[in-house]
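Engineer: Next input, structure requested:
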Amino acid sequence: MLAQMLYRGGLRSLLSCPFSRFSNGTVVRPGWLGRPRMVSALTNEPSNPLLQSAHNQLTRHACASSSSRNDLLPLARQPFGIELCGKVARLLNGNGVENLLWGSHLMATYTVPVVIQELAFAIPRSQVHTAIDSLEAEGVSLCRDRSCSWSRWQETAWQRSSDQKPAHFHLDHGEAGDLTGPDWNTVQLHAMEDVLWEVSAEGRGVGFSNGMDNDIIFANDPGLRMGSPLQGWGRFPASCPGVRLPTWQRYVEALILLALSSDGYACTFWYGELCHAAEVGNPDRLGHPTFTKFLKGLSVHPQSTFRAEIAEARESLGSRLHPRRGS
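Structural biologist: Residues are numbered from 1 along each chain as shown. Next up, the predicted model:
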């Protein structure tokens, strides 16, 4: 029960500041959906042969050694990770649904340590029904129960109306995935217009990518970093094709716009996500001076003195903010 309360309600004391550091160098920051995340101080150290070897072992385990076992399971019972991510992405691709990875799997691909409790994709709003039909055809049923814990959390903490809430599907992970309750093991479909409105993939095709310096890449792009046992898994192996994601700079810009476009819990949540993503990239790669200044300021100013920067960024980026508050 305590784990469920912390996960669902969020750790307000941790969410109110960018981070807390213990004497051993470990950092605790708010995690995806408000849960705490443990981040080693080694996260930003460059890869070395030992870490590369560990990464190869981890990804081989995720995509190869478990394949024969997971292939026997229905899609709704397969565990989170690279393999399930690839299967869902390829399922959507096969039905013409243009999708980009989102949520904690995206953070893990950028080597951010994260507790995985959902698999999320951003898709064009016009293709949501096709995506739902594609997943339901594989036995993953859309949740239509507005009383489920995840739906209630969306209405209360996020204050989202019915048309704003992402479509979600509950996975059956049994006791192995029941730390936070069965309602929280979900596949989520977010409207791209609500989370990545400046990186629309609509009309470009499911095979489109334009490189690390632009907007969209594949998860096994050689320019991505490899992870380690202390990080997220990083770059996907070549054996898991078909998964696309926003480049780091477009992802961070989206988080900044989401934070500046939101109020209340949603605003705090997006700032928390931004703190994590900011640590694995260079702010100078962002596409607007306001983005760069804001991200650099976020890492050095306590939140209590950051209000002027927030107001300045909102004024500078006003025409690019989402018109729907709290998205």
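Engineer: pLDDT wise, what is the closest residue to residue 248 other than its chain neighbours at?
Structural biologist: Nearest-residue entry for residue 248: residue 281, 4.3 Å, with adjacent residues in sequence omitted and distances by CB to CB, 6 or more residues apart in numbering. Bear in mind the C-beta positions are built from the backbone N, C-alpha and C, glycine included. What the model reports as pLDDT for residue 281 is 92.
Engineer: what about residue 281, distance to residue 249?
Structural biologist: According to CB to CB, to the nearest Å, residue 281 stands 7 Å off from residue 249.
Engineer: So these two - more neighbours on which side?
Structural biologist: Each of residue 281 and residue 249 has its neighbours counted (other CB atoms under 10 Å); residue 249 has more, 21 against 17.
Engineer: quick one: secondary structure of the more buried one?
Structural biologist: Counting by DSSP: H, G, I helix; E, B strand; the rest coil, the backbone at residue 249 sits in helix.
Engineer: which residues does it contact?
Structural biologist: Shown in contact with residue 249 (CB atoms under 8 Å, 6 or more residues apart in numbering): 281, 285-287.
Engineer: What are the boundaries of the helices in the chain?
Structural biologist: Along the chain, counting by DSSP state H, helices occupy 2-9, 12-15, 49-60, 67-70, 82-94, 103-109, 128-136, 149-156, 192-195, 248-261, 264-277, 289-300, 307-316.
Engineer: got a markdown table for these, with mean pLDDT and distance to residue 142 too?
Structural biologist: Output for the helices of the chain, formatted as a markdown table (pLDDT from 0 to 100; distance: least, CB to CB, whole Å):
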| stretch | mean pLDDT | distance to residue 142 |
| --- | --- | --- |
| helix 2-9 | 35 | 21 |
| helix 12-15 | 30 | 30 |
| helix 49-60 | 49 | 31 |
| helix 67-70 | 56 | 22 |
| helix 82-94 | 96 | 14 |
| helix 103-109 | 95 | 18 |
| helix 128-136 | 97 | 5 |
| helix 149-156 | 85 | 12 |
| helix 192-195 | 92 | 18 |
| helix 248-261 | 95 | 24 |
| helix 264-277 | 89 | 23 |
| helix 289-300 | 87 | 36 |
| helix 307-316 | 87 | 36 |
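Engineer: Pick the most deeply packed of the ones you listed.
Structural biologist: Comparing the helices of the chain by mean neighbour count (mean count of other CB atoms under 10 Å), helix 103-109 comes out on top with a mean of 25.
Engineer: Show me what it is in contact with.
Structural biologist: Identification of contacts with helix 103-109 by CB under 8 Å, 6+ apart yields 31-32, 80, 85, 101, 114-120, 188, 219, 224, 227, 232-236, 245-246, 251, 273, 276-277.
Engineer: From residue 168, how far off is the residue nearest to residue 158 when sequence neighbours are not counted?
Structural biologist: Closest residue to residue 158 in three dimensions, ignoring its sequence neighbours and counting by CB to CB, 6+ apart: residue 266, at 5.6 Å. For residue 266, the distance to residue 168 (CB to CB) stands at 17 Å.
Engineer: same thing with residue 311?
Structural biologist: Taken as CB to CB, the span from residue 311 to residue 168 is 34 Å.
Engineer: Over to residue 288?
Structural biologist: From residue 288 over to residue 168 (counting by CB to CB), the distance is 32 Å.
Engineer: just to revisit the earlier point, which one (most neighbours) among the contacts of residue 249?
Structural biologist: For these, neighbours tallied by other CB under 10 Å; top is residue 286, 21 neighbours.
Engineer: Tell me if I'm right that residue 184 and residue 152 touch.
Structural biologist: No. Contact criterion CB atoms under 8 Å: residue 184 and residue 152 do not qualify, at 11.7 Å.
Engineer: For residue 157, grab the count of nearby residues.
Structural biologist: 18.
Engineer: make that residue 243, sorry
Structural biologist: Using other CB under 10 Å, residue 243 has 25 other residues around it.
Engineer: Phi and psi next, for the closest residue to it other than its chain neighbours.
Structural biologist: Once flanking residues are discounted, residue 243 sits nearest to residue 219: 4.0 Å by CB to CB, 6+ apart. With angles defined as degrees, to the nearest 10, residue 219 sits at phi -70, psi -20.
Engineer: Now do the contacts for residue 219.
Structural biologist: Contact partners of residue 219, counting by CB under 8 Å, 6+ apart, are 85, 101, 109, 235-236, 240, 243-245.
Engineer: now do 7 Å
Structural biologist: The contact partners of residue 219, by CB atoms under 7 Å, 6 or more residues apart in numbering, come to 101, 109, 236, 243, 245.
Engineer: For the residues you listed, could you give me CSV that also reports distance to residue 297?
Structural biologist: As requested, the contacts of residue 219 are arranged in CSV below (distance: CB to CB, whole Å):
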residue, distance to residue 297
101, 28
109, 26
236, 33
243, 33
245, 26
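Engineer: For the residue nearest to residue 243, give its distance to residue 245.
Structural biologist: Per CB to CB, residue 219 is found 6 Å from residue 245.
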